[in-house]
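K.L.:
What would the 3D arrangement of this be:
(2 chains)
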Amino acid sequence: MWEYTDKVNEHFMNPRNVGQVENANGVGEVGSLACGDALKLTIHVNDEDIITDAKFKTFGCASAIASSSALTEMVKGMKLEEAEKITNEDIADFLGGLPKEKMHCSVMGREALEAAIANYRGVILPMAEGEVVCECFGVTDLEISRAIQESNLRSVEEITNFTKAGGGCGKCEDRLRDLLQASVNLVAIPMQSVNKEQKMTTLQKIKKIEEVMEREKDDGDIELIDVDGDFVTVSLLGACRSCQKSETTIKQYVEKKLREQVIDTLIVEEAK
Amino acid sequence: MDCGSDDIIYMDNNATTMVAPEVVDAMMPYLTDCYGNPSSMHSFGGQVGREIEKAREKIANLIGAMPQEIIFTSCGTESDSTAVLSGLQTFPDKRHIVTTRVEHPAIKSLCDNLDLLTGHKHRITRLQVAEDGTLDMAKYAESLSDDIAIVSAMWANNETGVIFPVEEMAQLAKSKDILFHTDAVQAVGKIPINMKESAIDFLSISGHKLHAPKGVGVLYVRKGTPYIPFLNGGHQEDGRRGGTENVASIIGLGKACELAHLHMEEENSRVRAMRDRLEQGLLASIPRSMLNGNKEQRLPNTTNISFEFVEGEAILLHMNQYKICASSGSACTSGSLEPSHVLRAMGVPFTAAHGSIRFSLSVYNTDQEIDFVLETLPGIIANLRELSPFWDPNNL
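P.N.:
Coordinates of the predicted model:
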């Protein structure tokens, strides 16, 4: 069971501003049934650029409903230029915090607000133009990069918590890591912890294994035959070939070096 | 600490069950006066060992087995791992397992991690299920190739209650010299099981699913089936599972099996009738609701219903206000971002999977409780649908 704050529970059980603003001049719709949460925000903005009314309809869990309710409470009576500055963190703070796995609910609130304001102004949001990275939840690279920067995200897990990207099949994990790396290079913060956990593509793995084998080989020669996941198949040539202890060589020497220098889960086997 | 169990309506018995009062009574002496080690040479400990053997007989009796075919473990998960790994070690040249797409994480996750765990590559064939959660036996028969060490298929599904024809499946496996394991933690105590007339090699039981405490399980191993222990240690369980016995819980499980035997008739009549009334009532009174899973081949206590356009966690938290306990297969409650792998394997549309609720009853439920849920739930669903942007009452 999630640990929700009293305020989340209160806004979930008694949501404010449910429905649709009748004379709405800004509508923002984000999420979908398939994704498990969706929010339709309607606002009315007057001639002085003040949001006079805001209502929502939300499909989703307790924190999605509470985030939507909180959002409408926050923006009512606000000037547009102020409302534009609202971040997902502001929505979460209003509720006294959200469980980290639920931060994407507050992001959904911020996105709906942005969409509604853009709709009022008659502009198209740049988000829609990004390239879809996570196909399961339809999240674009622009959305992900923005979440990384705004919420100071430092791992793929955090990206998933905030944007849902990577929370489905997981195929986009490498791409998320690249985006993380790119954003981090942008702000020039050392990322040792992320580098350490970094998953390599098979191609990167093969390259690295070849480099290490080239560097470490002694008078006995060794040849890389295949890399399949964590399984590395090698063939011993030259002096090692007739060596009775080839199995020991592979396990204690080759495997040890590769584990130290490439990935610590590699399993080295001799080609039969 | 007071958890308020007297006030709740507990319909989450596939998650865990109340420890039966008779079970608590049976256990108490072994938590106080009778603390001897069953392996000891003195009679203070030895008498405890004799009680463990009586418990073993009661468990054997419930599933039509011989006492020596019962090995005590710490939980269903340990039983599952022991069986599968034993099967693989028995046939080191056969690194292929057949299982299904809808297994409990105890088997699913074991299969996912098998390569890392054993240092060997394995092939895992995960059988598809139909829309109603049943297996295609022809496809199963086709899948039984020469390189398979063991088949592992659950007897009854924890989320939908759908029953697999494991007896028939085990016969087929046996005809091809393949070992057969079934995770029966949801089936034992709810439907009659007779191992005497079965070809099943391994069967897992979990104590806390049948009104015994958590932390005790059983692995049934057919007499004559090759077996390699998972936990090595002392000579407990004839050297088949090391570790000092969880005496009180084993005694409790014995009592629980005795009770399950007595309640079997009631489980399949009164409990089934309550479940059917709950199911029919909810489906009739709530529009755009549907049953997940085959209606006939099913445990008597389980129903899994989807309510479209609303989300499971939100439903559960509203039910929580009325002290009704159940489960959901929605993404938000599964701990991941995608809904239950069982419902997805059945092809339940995401729109319905997110709003799925599982009610699982026991002999301790009452007709009044069913009435209360039938009165309460339509209002909860209607209120949440008011909030939902996808709900259009004019377009049902």
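
K.L.:
Would you mind giving the domain segments of chain B?
P.N.:
With automatic domain parsing as the criterion, the domains of chain B are listed as B:9-15+B:264-387, B:22-259.

K.L.:
Save those as TSV, and put in distance to A:I263 too.
P.N.:
No exception for glycine: its C-beta is placed from N, CA and C like everyone else's. Listed next are the domains of chain B as TSV, based on distance: least, CB to CB, whole Å:
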stretch	distance to A:I263
domain B:9-15+B:264-387	25
domain B:22-259	12
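
K.L.:
near chain A, which residues of the stretch 1-150 of chain B show up?
P.N.:
B:D115, B:L116, B:G119, B:K121 (CB under 8 Å from any CB of the partner chain).

K.L.:
any chance of those residues in TSV, with secondary structure and pLDDT too?
P.N.:
Shown next, in TSV, are the residues of the stretch 1-150 of chain B next to chain A (DSSP: H, G, I helix; E, B strand; the rest coil; pLDDT from 0 to 100):
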residue	secondary structure	pLDDT
B:D115	helix	93
B:L116	helix	93
B:G119	coil	92
B:K121	coil	94
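
K.L.:
ok, and the most crowded of those residues?
P.N.:
Most neighbours among the residues of the stretch 1-150 of chain B next to chain A, by other CB atoms under 10 Å in any protein chain shown: B:D115, with 17 neighbours.

K.L.:
Contact partners for that one?
P.N.:
Residues in contact with B:D115 (CB atoms under 8 Å, 6 or more residues apart in numbering or on different chains) are A:G229, A:D230, B:K121, B:H122.

K.L.:
buried stuff in the one helix or strand A:L236 maps to?
P.N.:
Using DSSP states H and E, A:L236 sits within strand A:231-237. The neighbour-count check on strand A:231-237 (16 or more other CB atoms under 10 Å in any protein chain shown) flags A:V232, A:T233, A:V234, A:L236 as buried.

K.L.:
Dump the residues you listed into TSV; add distance to chain B and pLDDT as well.
P.N.:
Output for those, formatted as TSV (distance: CB to the nearest CB, whole Å; pLDDT from 0 to 100):
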residue	distance to chain B	pLDDT
A:V232	12	82
A:T233	11	81
A:V234	16	80
A:L236	20	72
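
K.L.:
Name the residues of stretch A:165-178 that come out as buried.
P.N.:
A:A165, A:G166, A:G167, A:G168, A:C172, A:E173, A:D174, A:R175, A:L176, A:R177.

K.L.:
what two of these have the greatest distance between them?
P.N.:
A:G168 and A:R177 (16.3 Å; CB to CB).

K.L.:
helices and strands around the helix or strand that contains A:M108, which ones?
P.N.:
Per DSSP H and E, A:M108 falls inside helix A:103-121. Helices and strands touching helix A:103-121, by 3 or more CB pairs under 8 Å, 6 or more residues apart in numbering or on different chains; DSSP states H and E, are strand A:26-32, strand A:37-45, helix A:62-75, helix A:80-83, helix A:88-94, helix A:156-163.

K.L.:
The stretch 151-300 of chain B: helices as residue ranges?
P.N.:
B:166-175, B:247-266, B:272-285 (DSSP state H, counting those that start in this stretch).

K.L.:
Chain A is nearest to which of the ones you listed?
P.N.:
Of all the helices of the stretch 151-300 of chain B, it is helix B:272-285 that lies closest to chain A, at 20.0 Å by CB to the nearest CB.

K.L.:
Tell me what angle the closest one forms with helix B:247-266.
P.N.:
70 degrees (axes from the mean of the first three to the mean of the last three CA atoms, to 10 degrees).

K.L.:
Which elements pack onto helix B:272-285?
P.N.:
strand B:289-291, strand B:302-307, strand B:356-360, helix B:367-387.

K.L.:
hmm, try it at 7 Å
P.N.:
strand B:289-291, strand B:302-307, helix B:367-387 (3 or more CB pairs under 7 Å, 6 or more residues apart in numbering or on different chains; DSSP states H and E).
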